[in-house]
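In: My questions concern the predicted model and sequence given below.
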Amino acid sequence: MSRSTDINIHDYKVVSVAIWSTDGMNLANCSDARFDNCFFRAGDDNIAIKGLGNGKTRWRPDDDPSGSLPNANISVTRCIFWSDNNNAVVLGQETITDRYENISFSDCDVLYVRDEQPVKAAIALICLHTTDYRNIRFENFRVGPSGQLITVFFTESIFRLRGNQSLWPGRMEEIVFRNISASGSGSKLIRIEGWDKNRSINKVLLENITINGKKLDINSPYLITNEYVNDLQIKD
């Protein structure tokens, strides 16, 4: 769904296990969307919220995200995810969008995520063209066997897609991960990395995160951050 508003989807189920280009559901530059009680098994991202600008299939690294419709006011509840390749849930990769704002996922189960690569996770925020992420929430998640648990980062290249982190300001802020339990095989790493001081990650809350029975704390070996992450809070 591209450049659309007032979307309501419930009881949607998809199985698309061929590897690559088989996302379970894509939203691109959409707002006021609600998903409830859905099942996804895919050989690519299960749900990907993308920015594709004016909808063209190819873009240049110097395309300006600020003139494109936002991804805003999106809620996903009571969904089940199974990823045979790539992420279960991702906000980004392609990010030619004015902003990501007021997006929430709650009461969801991730049954399986196959991959262990640093750019993939059960829950991912990946900014390819610099834009703003604000008020993003993931709450009440149960995650089974997976590679990384959470990734939040900026990049200029992913899967042969080219982006840009030099032309525009941008940040990720007010991001909440709450009541997430992860068990089973896989690294379960939580990787949060800003790009530079002008493209930073701010005000991140990790609350009641449990990995294989152990509560996450600031010294946890599961947590990886860099100097461009500000005001990171970890709570029981």
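Out: Yep, that arrived. Numbering: from 1, shown residues only.
In: can we go C-alpha only for contacts and neighbour counts from here?
Out: Noted.
In: Contacts for stretch 116-125, please.
Out: Identification of contacts with stretch 116-125 by Cα atoms under 8 Å, 6 or more residues apart in numbering yields 86-93, 110, 113, 115, 143, 146-153, 158, 186-187.
In: give me that answer again for 6 Å
Out: Residues outside stretch 116-125 that contact it (Cα atoms under 6 Å, 6 or more residues apart in numbering): 86-92, 147-152.
In: what's the spacing between that stretch and its chain's center?
Out: Distance, stretch centre to chain centre, for stretch 116-125: 8 Å (Cα atoms, centre = their mean, to the nearest Å).
In: Next, the buried residues of it.
Out: For stretch 116-125, burial by neighbour count (16 or more other Cα atoms under 10 Å) applies to Glu116, Val119, Lys120, Ala121, Ala122, Ile123, Ala124, Leu125.
In: Give the bridge partners for Phe153, please.
Out: Ile126, Glu193 (DSSP bridges).
In: Test my guess that it contacts Ile190.
Out: No: contact between Phe153 and Ile190 fails when scored by Cα atoms under 6 Å: they sit 11.0 Å apart.
In: per-domain residue ranges of this structure.
Out: The chain resolves into domains spanning 1-143, 172-236 when parsed by automatic domain parsing.
In: what bits of the chain have low per-residue confidence?
Out: Residue ranges of the chain with pLDDT under 70: 55-59.
In: Quick check: phi and psi on the closest residue to Gly24 other than its chain neighbours?
Out: When the adjacent residues along the chain are set aside, Gly24 lies closest to Asn46, with 4.6 Å between them (Cα to Cα, 6 or more residues apart in numbering). Main-chain dihedrals, Asn46, degrees, to the nearest 10: phi -70, psi -50.
In: how about Asn46, what does it touch?
Out: Asp23, Gly24, Phe40, Ala88, Val89.
In: Need the nearest residue in space to Leu167, chain neighbours excluded.
Out: Asp62 (7.5 Å).
In: what sits up against the strand ranked longest in the chain?
Out: When the chain is parsed with DSSP state E, its longest strand is strand 99-113. Residues from elsewhere that reach strand 99-113, judged by Cα under 6 Å, 6+ apart: 70-83, 131-146.
In: and the angle from the helix or strand hosting Ala72 to strand 99-113?
Out: Taking DSSP states H and E as the criterion, Ala72 maps to strand 71-77. Calculated by axes from the mean of the first three to the mean of the last three Cα atoms, to 10 degrees, strand 71-77 forms an angle of 30 degrees with strand 99-113.
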